[in-house]
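> please find the sequence and the predicted model below.
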Amino acid sequence: MTLQAKNRLKDDIAAYFHGVAASYPIVLGYLPVALAFGLAAEEAGLSNLGATFTSITVFAGASQFALLGLLEGGTQIAVTVLICLALNVRHIVYGPSLSTRLAPGRQKILPFAAFGLTDEVFSLSMSRIAHIPASRQLVWLLGLETAAYLTWVGFTWAGSFGGKLILSMLPFLETAFSFSIPALFLALLVVMMDRESLIPMLAACLASGLFLYLQLKNLSIIAAAIAGPATWLLLRRQA
Amino acid sequence: MTKESLIAISAIALGTYLLRYLPLRASHRTLHASTNRAVVLNRAFEIAGISVIAALFLHSLSLPEGEAPSIAAVRLTVSLAAVGAASHAWKNPGVGVLLGILCFALFPLIL
């Protein structure tokens, strides 16, 4: 191995662990949710292996919870798959949004980085990735995703194995950490927002709130993803 | 785990992965062109990202259970204010989250 290759590997390893360290707000948020999923999966009759397998392969909280309800209710497989995928349609906008902050190159890492692009990983990386050196961005993202993924899978297993026991021993855990997900999204908004994005963001909140009020929870994310940029384009045209 | 469950989980896993990977791959190639159209598209997707985070924030909000709604609302508001102030002051979302969780956990001890 040449000295240049050695240095590159060293920098990649440092960036990877920098990503792992940056993941702590996500880890705090995933801990109680993954425990709850494991517990719910066990109660829904999915075995310990089944619950862990779901978290290993799907890695998407909302659709995993929906899957449990649908399997328990005896819904047809095709309908179950379609509903769960409809819940994940919002992930379509994550890649293009994140790409705006990613430097080109290192295409080989993209298929791996795409697997871990959950709501929380996407949000945190949107606020931080621009500060990472261009050639290390995807490696940093992999580090961030690895820690989030291991927490998700590990605590799903723990939840399905002994969730009731853990939550009865540490009852404050569920309540205190249940706040970490809204806290994470708000903190990211505060860090990312600028003057130009304020009005589009308020329009997005309005659209999302309207769909939530109409009980169309999943569509509300898509509505926000359309309303925000549409408002920005309108304002830009008028200026 | 039944055979049906295994098929459903595998199909959802594959579909979710493709929903994440294909747009990322396509945009990673096209958004870096330096044309005016690409610049506008780039910013529009950036705004879309912020909008989605705002919607996810709205989704995730719920009053803590086991308390009177008014006290639960105060607890939530105070904790969110702590998150906002700390994130703004330190320009670091992690510090905001940690302070917010601390505030949320300690609130019942104060009131």
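Happy to help now that I have it. Numbering: from 1, shown residues only, chains lettered A, B, ... in the order given.
> look up how far chain B lies from A:Ile26.
Distance, A:Ile26 to chain B, using Cβ to the nearest Cβ, to the nearest Å: 9 Å. In this view, the C-beta of every residue, glycine as well, is placed from N, C-alpha and C.
> ok, the longest helix along chain B near chain A or not?
Under DSSP state H, the helix in chain B containing the largest number of residues is helix B:3-30. Yes - with Cβ under 8 Å from any Cβ of the partner chain as the criterion, chain A is reached by helix B:3-30 at B:4-13, B:15-17, B:19-28.
> which residues in chain B form helices?
Counting by DSSP H, chain B has helices at residues B:3-30, B:36-60, B:69-90, B:93-110.
> just want the angle from the first one to helix B:36-60.
Computed with axes from the mean of the first three to the mean of the last three Cα atoms, to 10 degrees, the direction of helix B:3-30 lies at 140 degrees from that of helix B:36-60.
> buried residues in helix B:3-30?
B:5, B:8-9, B:11-13, B:15-17, B:19-21, B:23-25, B:27-28 (16 or more other Cβ atoms under 10 Å in any protein chain shown).
> and that helix, what does it pack onto?
Using 3 or more Cβ pairs under 8 Å, 6 or more residues apart in numbering or on different chains; DSSP states H and E, the elements in contact with helix B:3-30 are helix A:48-57, helix A:61-72, helix A:77-87, helix A:94-99, helix A:110-115.
> contacts for the second one, please.
The one in question is helix A:61-72. A:33, A:37, A:40-41, A:44-46, A:54-55, A:58, A:79-80, A:83-85, A:87-88, A:118-119, A:152, B:5, B:8-9, B:12, B:16 (Cβ atoms under 8 Å, 6 or more residues apart in numbering or on different chains).
> buried ones only from those, please, as a PyMOL command.
Entered in PyMOL, the line below selects the buried ones among these, by 16+ other Cβ under 10 Å:
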select buried, (chain A and resi 33+37+40+41+44+46+54+55+58+80+83+84+85+87+88+118+119+152) or (chain B and resi 5+8+9+12+16)
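> ok so, going back, format the helices of chain B as TSV; extra columns: mean pLDDT.
Formatted as TSV, the helices of chain B follow (pLDDT from 0 to 100):
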stretch	mean pLDDT
helix B:3-30	90
helix B:36-60	82
helix B:69-90	91
helix B:93-110	83
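> for chain A, where's the lowest mean pLDDT among helices and strands?
Among the helices and strands of chain A, helix A:171-178 carries the lowest confidence by mean pLDDT, DSSP states H and E, at a mean of 67.
> what about A:Gly73, distance to A:Thr80?
Using Cβ to Cβ, to the nearest Å, one obtains 9 Å as the distance from A:Gly73 to A:Thr80.
> I meant to write A:Leu202 there.
Distance, A:Leu202 to A:Thr80, using Cβ to Cβ: 36 Å.
> and what of B:Val83?
B:Val83 sits 36 Å away from A:Thr80, going by Cβ to Cβ.
> next one: A:Leu212
Distance, A:Leu212 to A:Thr80, by Cβ to Cβ: 24 Å.
> how about B:Ile50?
From B:Ile50 to A:Thr80 the distance is 32 Å (Cβ to Cβ).
> what's the closest non-adjacent residue to B:Val83?
B:Gly100 (3.6 Å; Cβ to Cβ, 6 or more residues apart in numbering or on different chains).
> contacting residues for that neighbour?
Contacts of B:Gly100 (Cβ under 8 Å, 6+ apart): A:179-180, A:183, A:186-187, B:79-80, B:82-83, B:86.
> check A:Gly162 too.
Applying Cβ under 8 Å, 6+ apart, no residues qualify as near A:Gly162.
> mind checking how far the longest helix that chain A contains is from the chain centre?
In chain A, ranked by residue count with DSSP H as the criterion, the top helix is helix A:137-169. Remark: helix A:137-169 is offset 13 Å from the chain centroid, using Cα atoms, centre = their mean, to the nearest Å.
> please give the element, helix or strand, for A:Leu117.
Using DSSP states H and E, A:Leu117 sits in no helix or strand.
> can you tell me how far A:Val81 is from A:Phe115?
Using Cβ to Cβ, one gets 18 Å for the distance from A:Val81 to A:Phe115.
> surely B:Arg75 and B:Phe107 touch.
Yes - the pair B:Arg75 / B:Phe107 is scored as a contact, 4.6 Å apart, by Cβ atoms under 8 Å.
> run a quick neighbour tally on residue 97.
No chain in the question, so chain A it is. 30 (other Cβ atoms under 10 Å in any protein chain shown).
> should've been chain B
29.
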